[in-house]
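**Q** No letters, just coordinates:
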């Protein structure tokens, strides 16, 4: 079983290999970003078995004492060891690069600041955008690689005009939400060999076929630098004083109770408010400047207009006018119909045809073609949002 089917070449052109190059695999160098998990390990092992000139690279992103021995978090000490073992077994070179400073500056610091500003950030997207697909990709070019491959579940397809980004074949594994900021230039250089697989079971079967020690390794669950999913404790360490208490108020400003720090709450949260009696109340917004948590009924969460910044557009048509599309405002929600209205300065207004609850600043808003699996791009949800009428 091969991970990628050979790409069809135009009539009369040389036959392309499975990575899309008109030369033998042995003359095609591919850098594989190896996290130490089963996905990227299978990518590296399969490409090596197909005869490609494989170089494995693992990033040392942080030195977190609690995480170094923790299962289920990527890029920690055990994961580096696991990646090295795969490289030794399959017989290709493997390097560990120290990216701790870049990771802290590009990802961790912004994560902390965004939480303090009342947003709900997605650091995995920033890591892909600013570290893996920018800095590591440049390292791959420095190594004279023809391309870089990762273990992400997303598809790169050859379109009539250029390479296109598509959702994974397995909707349960699809990672397109986390990769919307991939630029066209990066997409031309990247390969995602797992995107067409029907299930994670196929990936594990391949790992067993190559007798990889990581075949049964559990999937990563947490943000790598946040042990046990405890965001608040990490923020408190990074920004002392961030958990100062404040008031819980209703939409009219009436004080209903007190809280132990704005960083402990997210938009749409119901549990853990400590307010008893009456109708259920949900977190509507966070006001870090006054240390207030504003709560109200669930219907007050519904939002129809979402403002988006830092738009990355991957569509063939110019980014202008009104664009009919599907959008996803959380990684766990399916795409919904919307109208995309581009604005100057890489901004856009998104009108949700069916209002959504819990639209949170700091999350991504990802655009999809209405009639296919193609990813058209996306942006970041800003603090400005309009409730549903």
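**A** Everything's here; your move. Just so it is clear, the model here is predicted, and its values are computed rather than measured.
**Q** contacts, neighbours, all on C-alpha from now
**A** Fine.
**Q** How many residues are close by residue 129?
**A** Using other CA atoms under 10 Å, residue 129 has 21 neighbouring residues.
**Q** Would you enumerate the residues in contact with it?
**A** 179, 181-182 (CA atoms under 8 Å, 6 or more residues apart in numbering).
**Q** let's go with 7 Å and repeat that
**A** Shown in contact with residue 129 (CA atoms under 7 Å, 6 or more residues apart in numbering): 181-182.
**Q** Quick check: closest non-adjacent residue to residue 377.
**A** Nearest non-adjacent residue to residue 377, counting by CA to CA, 6 or more residues apart in numbering: residue 313, 4.6 Å away.
**Q** Give me the phi and psi for the one you found.
**A** The phi and psi values for residue 313, taken as degrees, to the nearest 10, are phi -110, psi 130.
**Q** Contact partners for the nearest residue to residue 321 once chain neighbours are set aside?
**A** Sequence neighbours aside, residue 341 is the residue nearest to residue 321 in space, at 6.2 Å (criterion: CA to CA, 6+ apart). If you count contacts by CA under 7 Å, 6+ apart, residue 341 has them with 321-323, 348-350.
**Q** which SS class is residue 341?
**A** strand (DSSP: H, G, I helix; E, B strand; the rest coil).
**Q** What score does it have for pLDDT?
**A** You'll see residue 341 listed with a pLDDT of 98.
**Q** For it, name its beta-bridge partners.
**A** residue 349 (DSSP bridges).
**Q** Could I have the ChimeraX command that selects the buried members from the contacts of residue 341?
**A** Filtering the contacts of residue 341 down to the buried ones (16 or more other CA atoms under 10 Å) takes a single ChimeraX command:
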select :323,348,349,350
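**Q** related to what we said a few turns ago, could you measure the residue nearest to residue 321 against residue 278, distance?
**A** According to CA to CA, to the nearest Å, residue 341 and residue 278 sit 40 Å apart.
**Q** Quick one: the strands in the stretch 201-350 of the chain, in order.
**A** Secondary structure of the stretch 201-350 of the chain, counting by DSSP state E, counting those that start in this stretch: strands at 246-249, 255-259, 282-287, 292-296, 303-313, 323-328, 336-343, 347-356.
**Q** Could you do the stretch 1-150 of the chain as well?
**A** So, for the stretch 1-150 of the chain - with DSSP E, counting those that start in this stretch - the strands run 29-33, 53-60, 94-98, 147-149.
**Q** Now tabulate these in CSV and tack on mean neighbour count, distance to residue 374 and mean pLDDT.
**A** CSV is the format used below for the strands of the stretch 1-150 of the chain (neighbours: other CA atoms under 10 Å; distance: least, CA to CA, whole Å; pLDDT from 0 to 100):
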stretch, mean neighbour count, distance to residue 374, mean pLDDT
strand 29-33, 25, 24, 98
strand 53-60, 23, 29, 95
strand 94-98, 15, 33, 94
strand 147-149, 25, 20, 98
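**Q** how about JSON lines for those, with distance to residue 329 added?
**A** Formatted as JSON lines, the strands of the stretch 1-150 of the chain follow (distance: least, CA to CA, whole Å):
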{"stretch": "strand 29-33", "distance to residue 329": "27"}
{"stretch": "strand 53-60", "distance to residue 329": "29"}
{"stretch": "strand 94-98", "distance to residue 329": "33"}
{"stretch": "strand 147-149", "distance to residue 329": "27"}
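**Q** Which one, of the strands of the stretch 201-350 of the chain, ends up nearest to residue 194?
**A** Judged by CA to CA, the one of those that comes nearest to residue 194 is strand 323-328, at 22.0 Å.
**Q** what's the distance between that closest one and the middle of its chain?
**A** 19 Å (CA atoms, centre = their mean, to the nearest Å).
**Q** what's that strand in contact with?
**A** Contacts of strand 323-328 (CA under 7 Å, 6+ apart): 334-341, 365-370.
**Q** Make a PyMOL selection of the buried ones in those.
**A** Buried members of those, defined by 16+ other CA under 10 Å, are picked up in PyMOL with:
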select buried, resi 335+336+337+338+339+340+341+365+366+367+368+369+370
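**Q** Out of the contacts of strand 323-328, which two sit at the greatest distance?
**A** 334 and 341 (20.6 Å).
**Q** returning to what we had before: which one of the contacts of residue 341 is nearest to residue 304?
**A** Nearest to residue 304 among those, counting by CA to CA, is residue 350 at 8.1 Å.
**Q** contacting residues around that closest one?
**A** With CA under 7 Å, 6+ apart, residue 350 has these contacts: 305-307, 338-341.
**Q** Same question for residue 292.
**A** Shown in contact with residue 292 (CA under 7 Å, 6+ apart): 246-249, 286.
**Q** Next, count neighbours for the closest residue to it other than its chain neighbours.
**A** Closest residue to residue 292 apart from its sequence neighbours, by CA to CA, 6+ apart: residue 247 at 5.1 Å. Residue 247 has 20 neighbours, counted by other CA under 10 Å.
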